[in-house]
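**Q** The following block contains a protein sequence and its predicted model.
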Amino acid sequence: MVLYVMLRAHPMYGQAEYTAIQKLDLQAGGSFSIGRSNYLPWDTQGNPAPLSDLTRKVNLLGGGAYLAADFRPHIGVEFNFHHLNGSGNGGKQTTYEVGGRYILTRRYRFIPYGRVSYGRGVYDYPSGSATLSFNLMGIGGGLDYHLSRSINLRADYEWQKWINVPLRTPNPQALTIGVAYHFH
């Protein structure tokens, strides 16, 4: 009888491999951003400022959304959307990006990361005088903080290089604060 029970129990060892591994760590959120850009400013009538005024910068303020999917302990992908309004000049900047994300470490509730991205930037000049679109590359990093099991807070910095922009490259920078739902 004991031999029979031992032989019948042998197939149950087939589940000895650990199976509760999370395959994808996903979060989706919204954000608020402040930034600065080197766009050639335009005056209040929609005319370009003189080329001698190349040192002025445009302050940006707006919001966006992001989706981060980590499929390995340190490697993931991130999608970003930002829509920022220029203060004082009426211009608008919208960017769409996708790129890789590298998680440096996971300590307690803190997840510092770095990222690189590629995408498209659209700048709408004041009064609808022009809309220009350019490809862009971005580099940035930040910190995700697990406020609770389902809510993450984020602080993020990004610098962008817009490609083939005439006159002067805007090289926008943005500091972003966000809140995301963490799927589990």
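**A** On my side now, so go ahead.

**Q** Tell me what the spatially closest residue to Ile75 that is not a sequence neighbour is bridged to.
**A** Leaving aside its sequence neighbours, Ile75 sits nearest to Tyr102 (C-beta to C-beta, 6 or more residues apart in numbering; 6.4 Å). C-betas here are computed from N, CA, C, even on glycine. Following DSSP bridges, Tyr102 is listed with bridge partners Ile75, Gly114.

**Q** so what's Tyr102 up against?
**A** Contacts for Tyr102 (C-beta atoms under 8 Å, 6 or more residues apart in numbering) come out as 74-76, 113-115.

**Q** Could you measure from the residue nearest the centre of the chain over to Asn164?
**A** In the chain, the C-alpha nearest the mean C-alpha coordinate belongs to Asn80, at 4.1 Å (C-alpha atoms, centre = their mean). Distance of Asn80 to Asn164, computed by C-beta to C-beta, to the nearest Å: 21 Å.

**Q** min pLDDT across the contacts of Tyr102, which one?
**A** Minimum pLDDT for the contacts of Tyr102 is recorded at His74 (91).

**Q** picking that back up, hmm, the residue nearest to the centre of the chain is touching Gly64, no?
**A** Yes: with contact defined as C-beta atoms under 8 Å, Asn80 reaches Gly64; the gap is 6.6 Å.

**Q** Bridged to Asn85, which residues?
**A** Leu61, Lys92.

**Q** ok, now which ones touch it?
**A** 60-62, 91-93.

**Q** In PyMOL, how would I select the buried members of those?
**A** Buried residues within the contacts of Asn85, by 16 or more other C-beta atoms under 10 Å, are selected in PyMOL with:
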select buried, resi 60+62+91+92+93
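
**Q** Looking at the contacts of Asn85, which is nearest Phe134?
**A** For the contacts of Asn85, the residue nearest Phe134 by C-beta to C-beta is Gln93; the value is 10.8 Å.

**Q** List only those of the contacts of Tyr102 flagged as buried.
**A** Buried by 16+ other C-beta under 10 Å: 76, 113, 115, out of these.

**Q** Was I right to think Ser37 contacts Leu60?
**A** Yes: between Ser37 and Leu60 there is a contact under C-beta under 8 Å: 5.9 Å.

**Q** Strands of the protein, residue ranges please.
**A** 25-37, 58-70, 75-86, 92-103, 110-124, 131-146, 151-162, 173-183 (DSSP state E).

**Q** ok so, going back, need the contacts of Tyr102 in TSV with distance to Leu153, can you?
**A** Output for the contacts of Tyr102, formatted as TSV (distance: C-beta to C-beta, whole Å):
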residue	distance to Leu153
His74	21
Ile75	22
Gly76	18
Tyr113	13
Gly114	18
Arg115	17
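
**Q** so where's the protein shaky on pLDDT?
**A** 1-22, 40-56, 88-90, 167-168 (pLDDT under 70).

**Q** residues contacting the closest residue to Asn135 other than its chain neighbours?
**A** Nearest non-adjacent residue to Asn135, counting by C-beta to C-beta, 6+ apart: Ile163, 4.7 Å away. Neighbouring residues of Ile163 by C-beta under 8 Å, 6+ apart: 134-137.
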